[in-house]
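# fold the following.
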Amino acid sequence: MKVLSRLIFASLICPLSISLCGCAQDQSTKTTRLLMGTFVSIEAFDPDLSKKDLADKVEMAFGEMAHIESLMSPVRSESDVYRINRSARTRRIPVEPYTAEVLKKALEIYSVSDGAFDVTIGPMVDLWKTSGKRGRLAKSSVIEKSLKGVGSDGFMLEQDDSIVLLRRRDLEIDLGGLAKGFAVDKAAGFLKEEGIKSALIDAGGDIRCIGKNKKGEPWSVGVRDPQDRTQVLAVLSLQDESVATSGDYERYFTIDGKVYSHIIDPRSGRPVDNNVKSSTIVAKDCMTADGLATATFVLGPEKGIKLIESMDGVECLMVVEDGDEMRSICSSGFASKLNR
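Numbering: from 1, shown residues only. Next comes the predicted model:
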């Protein structure tokens, strides 16, 4: 575990929690769509394609992401997740390969994080949303009762991961913590299959970089300072990598003068209270970065960094509140990702 001095790059003030730098003019395109409850942008460059052909391929990548949203929406009656939550308690539900892939990843991260990441956390999130609106804490008895409906060990994958069965009647699945990163990965995969060697996909801060930017340099990605959203804490230099951040600086609630995180610890059923303000993960794929950002935020700096150090190809930067100060704590290889 390393402690970084506070890095502030005042010249890099950007509108996103993770910002994008370095772009294109000719033979490039950038398009933004509203998907999965956030703004998704795809920026691509290919000197061998016309601007129209490039834009067409980007539109098809958006179509891939929209398809994933349709499979994993918890409210669309035709989605896999909706069918799982309505019927998998009483019978085995077949799901599409994409859904199975995300569920398998959910079980993996649940296991390695000792339950700090859990796609069945929905009831606890709803409970605390209600508490925040009412301005009073949930009772311990209500929390304990709701916790009985939480735990990814309550669902299983069968027959080459194509069949889902819920083993508890009170269990529900919400893949929101992984689906966005997965959609980014699949859009990136599609673009690469189409021969595009330079692109950047940003789904509300879940980012994947393909190759280098138009200038032939690694993509620069700025990580916001959670204490001062007009500043950038660090600038990353990425090529064929992904980054995602989990933090409580934008969404929280206050009860009796105390600020509570919107991120709930699935193990205790209570808002995370470990002084972590944000956790940024760099990984090869965006779904892994997405899930581990949440897991490490919940685990805290000691256990979170220890988990990342045990994994190959993954790095972490955590911002921790220490009295009136903020400390940046990172995994041993994170410094190699900085734009120097």
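# any chance you could map the helices in this protein?
51-72, 80-87, 97-112, 122-134, 140-147, 176-193, 286-299, 301-309 (DSSP state H).
# looking at these, which is buried most?
helix 286-299 (a mean of 28; mean count of other C-beta atoms under 10 Å). Backbone N, C-alpha and C define where each C-beta goes, glycine included.
# which other helices and strands does that helix contact?
Here helix 286-299 touches helix 97-112, helix 176-193, strand 206-210, strand 242-247, strand 276-283, helix 301-309, strand 315-322, going by 3 or more C-beta pairs under 8 Å, 6 or more residues apart in numbering; DSSP states H and E.
# mind doing that once more with 7 Å?
The contact analysis (3 or more C-beta pairs under 7 Å, 6 or more residues apart in numbering; DSSP states H and E) places helix 286-299 against helix 97-112, helix 176-193, strand 206-210, strand 242-247, strand 276-283, helix 301-309.
# from the chain's centroid, how far away is that helix?
6 Å (C-alpha atoms, centre = their mean, to the nearest Å).
# with stretch 215-233 instead?
For stretch 215-233, the distance from its own C-alpha centre to the chain's C-alpha centre is 17 Å (C-alpha atoms, centre = their mean).
# ends of that stretch, what's the gap?
24 Å (C-alpha to C-alpha, to the nearest Å).
# per-domain residue ranges of the protein.
By the assignment in automatic domain parsing, the chain contains the domains 2-73+177-337, 80-174.
# a markdown table for those domains, including mean pLDDT?
Formatted as a markdown table, these follow (pLDDT from 0 to 100):
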| stretch | mean pLDDT |
| --- | --- |
| domain 2-73+177-337 | 87 |
| domain 80-174 | 90 |
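# count of neighbours near T120?
For T120, the neighbour count with other C-beta atoms under 10 Å is 23.
# torsion angles phi and psi at it?
Backbone geometry at T120, expressed as degrees, to the nearest 10, gives phi -100, psi 20.
# adding distance to Q27, write the helices of the chain out as TSV.
Below are the helices of the chain laid out as TSV (distance: least, C-beta to C-beta, whole Å):
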stretch	distance to Q27
helix 51-72	7
helix 80-87	38
helix 97-112	31
helix 122-134	44
helix 140-147	53
helix 176-193	15
helix 286-299	25
helix 301-309	38
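# wait, which of these is closest to S41?
Of all these, helix 51-72 sits nearest to S41, with 9.8 Å by C-beta to C-beta.
# angle of that closest one against helix 80-87?
10 degrees (axes from the mean of the first three to the mean of the last three C-alpha atoms, to 10 degrees).
# gap between helix 51-72 and the chain center?
Taking mean C-alpha positions (C-alpha atoms, centre = their mean), helix 51-72 and its chain are 20 Å apart.
# which residues are contacting stretch 256-273?
Stretch 256-273 has contacts (C-beta atoms under 7 Å, 6 or more residues apart in numbering) with 115-116, 118, 121, 124-125, 128, 143, 146-147, 150, 246, 248, 251-253, 294, 297-298.
# which parts of that stretch are buried?
Residues of stretch 256-273 classed as buried under the neighbour-count rule (16 or more other C-beta atoms under 10 Å) are Y260, S261, H262, I263, I264, D265, P266, R267, G269, R270, P271, V272.
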